[in-house]
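K.L.:
no sequence on this one, just coordinates:
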Ligand SMILES: Nc1ncnc2c1ncn2[C@@H]1O[C@H](COP(=O)(O)OP(=O)(O)OP(=O)(O)O)[C@@H](O)[C@H]1O
């Protein structure tokens, strides 16, 4: 940077404007500045000077102009460049008076702009015959000089214009500006150029940064006129900077005005505005220079960009790994209902809509939810399961929505994001949604409608982009009628429905499920044992059972049987032993704990007996052994059929 500012290429370029005497002083002085600046003398005045300066500025660039008197004042009014005036010092006047006094007694001073009352005092003290006038225009000066000449004044002190006029009138003209004053003006011009260059470099640097930013930036002055407008802003608003610069922001981009920020001076961060199809995040900030507001700046970001960054940030900061393991094609079963459920799930995965899975506990609802997530565009992002029935209301609330630091006694420092935030860009699986309290249903509905969560104790919402898959074993429509489930929430989640039948309604799946589960269980046990031996002996029993606990129950039973795999290998397992190992499979309908399964129980039990009997080729002894019942019980059950 110093190189640029002081090196040869960037020497200040200064135009010294003056004719007659001032020009001569410039000529004398300029060579001594050769090392510090390029000073060019412009030997013109007023309009001519203006034209010459503008031409020079166009072709070479100019940092500052030095001029004096009325000419200087004129240039200052008409140029955007800094114009430094050679100022009159008391010493200048003294020196000129001494020179003039040597020549004659009656002296006049004509200065530009204003008179100097101190001169009157000076004149009285020293008994000088001195008159003092001020002039504005060249014509003014001309009239004054003629008048003084007519009244016998012999010497006139003044700037170049005045001394020229005096000499033309045959008087003594004494040039008022000393060499020191002119040098002072040139020094100021050089310093001003240097500061200007530093400013320009700073502006350039800022400009380079603005050019590179992904964020749109627009800055306005106090009249809301656009001062800068970076390329990102051009892209975001589809407007070229040169069409916008200098115009009022509200006029070029209505909704994005900065008037309020200019009026109230308040910073507003994180506003959201829609422009066309885009959602933009806005920050409006007043610009203050040394405590005084001088404008305002707005930054704009495409919410899609923020979400991208946000996603990678959240995924790097993710405290827990919420991942979906299962794929849809890992869901075992070739029964019609299972194939239908898989196909429907694949269809739903292609959408981003809320899915409601209905089915008894243990039927594989979560598995389907994971499968849908993994087959959807959200694959690879979080899959967050939550069993709404497993928490008391207050805990469920903070689990779901998170809390701010200090939200309640003992709340964690820094607060905690809720599962909705953890599921951001992914899927949340709300199992047993029918168990949610009405209060939480209301909050959940808000999240689904607004796509934002408010942590407990927070005032600002956090936007979340989450797909919801809900599940329940309840009849939600009945719950709505009973007033325990909000109707509007029901409509909101009951868009894509997936019915998962209980295992007893898709008995055809049992074979494949048992086969896979047995293989895995035996592998896990690592103690050998033949899948076939267990399968062949157990299948008739499995097929005859009701499976109130569905696939989860099947899994558990297989896990247990695998422990005793060796006993199956040694030939037929003793029925009594089997009943002891897995009593639930052999319990009669009267022992069933679940009242809801009882009405179906008796006929199902009979059907089971018939199936086992069929499997055993009509051999009642074998069937009794499989079923773990006596021949008389078998007979009784079969005869009940006809009752
Ligand atoms: N079709 C299937 N193929 C393989 N395994 C399955 C299948 N269905 C369910 N399972 C297994 O059964 C168990 C229960 O499934 P899951 O947890 O998905 O049921 P759920 O309906 O969500 O139950 P709950 O409502 O009680 O949570 C899991 O261990 C799962 O791996």
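P.N.:
Looks like it arrived, so ask away. The structure presented is a predicted model; accordingly, all values stated were derived computationally and were not measured. Residues are numbered from 1 along each chain as shown.
K.L.:
show me what contacts the residue of the chain found nearest the ligand?
P.N.:
Nearest to the ligand, among the residues of the chain, is residue 364, at 2.5 Å (C-beta to the nearest ligand atom). For the C-beta atoms, the positions are set from N, CA and C on the backbone; glycine is no exception. Contacts for residue 364 (C-beta atoms under 8 Å, 6 or more residues apart in numbering) come out as 331, 500, 550, 551.
K.L.:
which pLDDT value goes with it?
P.N.:
At residue 364, the model reports a pLDDT of 94.
K.L.:
residue 597 now?
P.N.:
36.
K.L.:
cool, and residue 581?
P.N.:
Note for residue 581: predicted pLDDT of 84.
K.L.:
cool, and the one 5 residues further on?
P.N.:
According to the per-residue confidence, residue 586 scores 81 in pLDDT.
K.L.:
what number of residues lie near the nearest residue to it once chain neighbours are set aside?
P.N.:
Of all residues not flanking residue 586 in the chain, residue 628 sits nearest, at 4.0 Å (C-beta to C-beta, 6 or more residues apart in numbering). Using other C-beta atoms under 10 Å, residue 628 has 19 neighbouring residues.
K.L.:
which residues sit in contact with residue 628?
P.N.:
Neighbour list for residue 628: 575, 576, 578, 579, 585, 586 [criterion: C-beta under 8 Å, 6+ apart].
K.L.:
next up, phi/psi of it, please.
P.N.:
Reported as degrees, to the nearest 10, the phi and psi values for residue 628 are phi 70, psi 30.
K.L.:
what comes up buried for stretch 106-124?
P.N.:
Applying a neighbour-count criterion of 16 or more other C-beta atoms under 10 Å, the buried positions in stretch 106-124 are 106, 107, 108, 109, 110, 111, 112, 119, 122, 123.
K.L.:
actually stretch 122-134, not the one I wrote
P.N.:
Applying 16+ other C-beta under 10 Å to stretch 122-134 flags 122, 123, 128, 130, 131, 132, 133 as buried.
K.L.:
right, and the helix or strand after the helix or strand of the chain with the lowest mean pLDDT?
P.N.:
Of all helical and strand segments in the chain, the minimum by mean pLDDT, DSSP states H and E falls on helix 2-6, at a mean of 42. Downstream of helix 2-6, the first helix or strand assigned by DSSP states H and E is strand 13-17.
K.L.:
buried ones in whichever helix or strand comes after that next one?
P.N.:
Note on strand 13-17: by DSSP H and E, the next helix or strand toward the C-terminus is helix 20-29. Judged by neighbour count using 16+ other C-beta under 10 Å, the buried positions of helix 20-29 are 20, 21, 22, 23, 25, 26, 29.
K.L.:
pLDDT weak spots in this protein?
P.N.:
1-9, 306-321, 406-414, 588-604, 615, 617, 639-643 (pLDDT under 70).
K.L.:
for residue 437, give me phi and psi.
P.N.:
Torsion angles, degrees, to the nearest 10, at residue 437: phi -70, psi 160.
K.L.:
count the residues that sit near it.
P.N.:
Residues near residue 437, counting by other C-beta under 10 Å, number 15.
K.L.:
separation between it and residue 479?
P.N.:
The gap separating residue 437 from residue 479 is 12 Å, by C-beta to C-beta, to the nearest Å.
K.L.:
list the contacts for residue 373?
P.N.:
Residues counted as contacts of residue 373 (C-beta under 8 Å, 6+ apart) are 324, 349, 379, 383, 426, 427, 429, 467, 469.
K.L.:
buried residues in the helix or strand residue 77 falls within?
P.N.:
According to DSSP H and E, residue 77 maps onto helix 69-78. Under the neighbour-count criterion of 16+ other C-beta under 10 Å, helix 69-78 has 69, 70, 71, 72, 74, 75 buried.
K.L.:
what comes into contact with the helix or strand following that helix?
P.N.:
Proceeding N to C from helix 69-78, the next assigned helix or strand is strand 83-85, under DSSP H and E. With C-beta under 8 Å, 6+ apart as the test, strand 83-85 has contacts from 64-68, 72-73, 75-76, 185, 188-189, 192.
K.L.:
greatest separation within those residues: which pair is it?
P.N.:
Taking C-beta to C-beta as the measure, the contacts of strand 83-85 span a maximum distance of 17.6 Å, between 73 and 192.
K.L.:
what residues of stretch 503-523 count as buried?
P.N.:
503-504, 506, 509-511, 513-515, 517-518, 521-522.
K.L.:
which residues of this protein lie near the ligand?
P.N.:
Applying C-beta under 6 Å from any ligand atom, we find that the chain lies next to the ligand at 331-333, 359, 361-367, 431, 551-552, 555.
K.L.:
just the buried ones among those residues, please.
P.N.:
Looks like these have 331-333, 359, 361-367, 431, 551, 555 buried, using 16+ other C-beta under 10 Å.
K.L.:
what residues does stretch 460-472 touch?
P.N.:
Under the criterion C-beta under 8 Å, 6+ apart, residues 307, 352-359, 365-366, 369, 372-373, 376, 378, 420-421, 423-435, 447-448, 450-455, 493 lie in contact with stretch 460-472.
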